[in-house]
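**Q** quick one, what's the 3D model for this:
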Amino acid sequence: MEFKDYPQHLIDAKLQECLDYEAKYGTIPTVTAIKKWCNSFEYRKNEWQFRQSVAKSIKPNVNYLKPYYNDGI
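**A** Numbers count the residues shown, from 1 in each chain. As a prediction, the model looks like this:
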């Protein structure tokens, strides 16, 4: 798979949302992180790569023999 960035108008809209929120309620770490995401192409690319790595690391349980529910025993 290849990284495909979001359209700039959506990124700008999200950044404006963050700025409006901060003006009304003050700064919080979540909004600061989203602002960083909006302002940096590299940050968005690294975040995408991280999510891809997490998804690839999840493997099915290969030792799974029985269902989790109790079948009358």
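
**Q** so where's the protein uncertain?
**A** Low-confidence segments of the chain, defined by pLDDT under 70: 60-73.

**Q** ranges for the helices of it?
**A** Assigned by DSSP state H, the chain shows helices spanning 8-25, 29-39, 41-57.

**Q** of these, which is nearest residue 1?
**A** helix 41-57 (6.7 Å; Cβ to Cβ). C-beta coordinates here come from the backbone N, C-alpha and C atoms, glycine included.

**Q** which parts of the closest one are buried?
**A** Residues residue 44 are the ones in helix 41-57 that count as buried (16 or more other Cβ atoms under 10 Å).

**Q** packing partners of it?
**A** helix 29-39 (3 or more Cβ pairs under 8 Å, 6 or more residues apart in numbering; DSSP states H and E).

**Q** ok, and for the helix it packs on, which residues are buried?
**A** Applying 16+ other Cβ under 10 Å to helix 29-39 flags 31, 34-35, 37-38 as buried.

**Q** going by distance to residue 48, which of those wins?
**A** Of the buried residues of helix 29-39, the one sitting nearest to residue 48 (Cβ to Cβ) turns out to be residue 37, at 10.4 Å.

**Q** do you know how far the closest one is from residue 58?
**A** Separation of residue 37 from residue 58 (Cβ to Cβ, to the nearest Å): 23 Å.

**Q** just to revisit the earlier point, is it possible to export the helices of the chain to JSON lines including distance to residue 1?
**A** Shown next, in JSON lines, are the helices of the chain (distance: least, Cβ to Cβ, whole Å):
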{"stretch": "helix 8-25", "distance to residue 1": "20"}
{"stretch": "helix 29-39", "distance to residue 1": "19"}
{"stretch": "helix 41-57", "distance to residue 1": "7"}
